[in-house]
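[1] sequence first, then the predicted structure, then my questions.
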Amino acid sequence: MDALQHSMADLFSQLGLSSGPDDIEKFISVHRPLGNEVALYRAPFWTGAQRTFLKEEIVEDGDWAGVIDELNNLLH
């Protein structure tokens, strides 16, 4: 079974954030650059639930890992 390919808009929706292209661009511009020493899931702007989701998906190499990695790159 192939892993699902989620979009950045899907990820923002999953995180309970506005997911329009302008909203995503604004979120990234407001929160970058994230220091290289800060893991994405440890960034101070996430809620506890968002932090848990991001960490679990990366650790487990879940379906969302690819797009989370993309967001990580955009924020760093």
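    Great, that's in hand.
[2] going forward, measure contacts between C-alpha atoms and count neighbours the same way
    Noted.
[3] contact partners for the most centrally placed residue in the chain?
    Taking C-alpha atoms, centre = their mean as the criterion, Ile68 is the residue nearest the geometric centre of the chain, at 4.3 Å. By C-alpha atoms under 8 Å, 6 or more residues apart in numbering, the contact list for Ile68 reads 11, 54, 58.
[4] send me whatever helix or strand it lives in as PDB with only the CA atoms.
    In this assignment (DSSP states H and E), Ile68 forms part of helix 65-75. Provided in PDB are the C-alpha atoms of helix 65-75 (Å, rounded to 0.1, in the frame of the first residue of the first chain):
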ATOM      1  CA  ALA A  65       6.100  12.900   7.500                       C
ATOM      2  CA  GLY A  66       7.000  14.100   4.000                       C
ATOM      3  CA  VAL A  67       4.900  17.300   4.200                       C
ATOM      4  CA  ILE A  68       6.000  17.900   7.800                       C
ATOM      5  CA  ASP A  69       9.600  17.700   6.600                       C
ATOM      6  CA  GLU A  70       8.800  20.200   3.900                       C
ATOM      7  CA  LEU A  71       7.300  22.600   6.500                       C
ATOM      8  CA  ASN A  72      10.400  22.100   8.600                       C
ATOM      9  CA  ASN A  73      12.600  23.100   5.700                       C
ATOM     10  CA  LEU A  74      10.500  26.200   5.000                       C
ATOM     11  CA  LEU A  75      10.600  27.300   8.600                       C
END
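[5] which positions within that helix qualify as buried?
    For helix 65-75, a neighbour-count test (16 or more other C-alpha atoms under 10 Å) marks 65-68, 71-72, 75 as buried.
[6] done for today, thanks.
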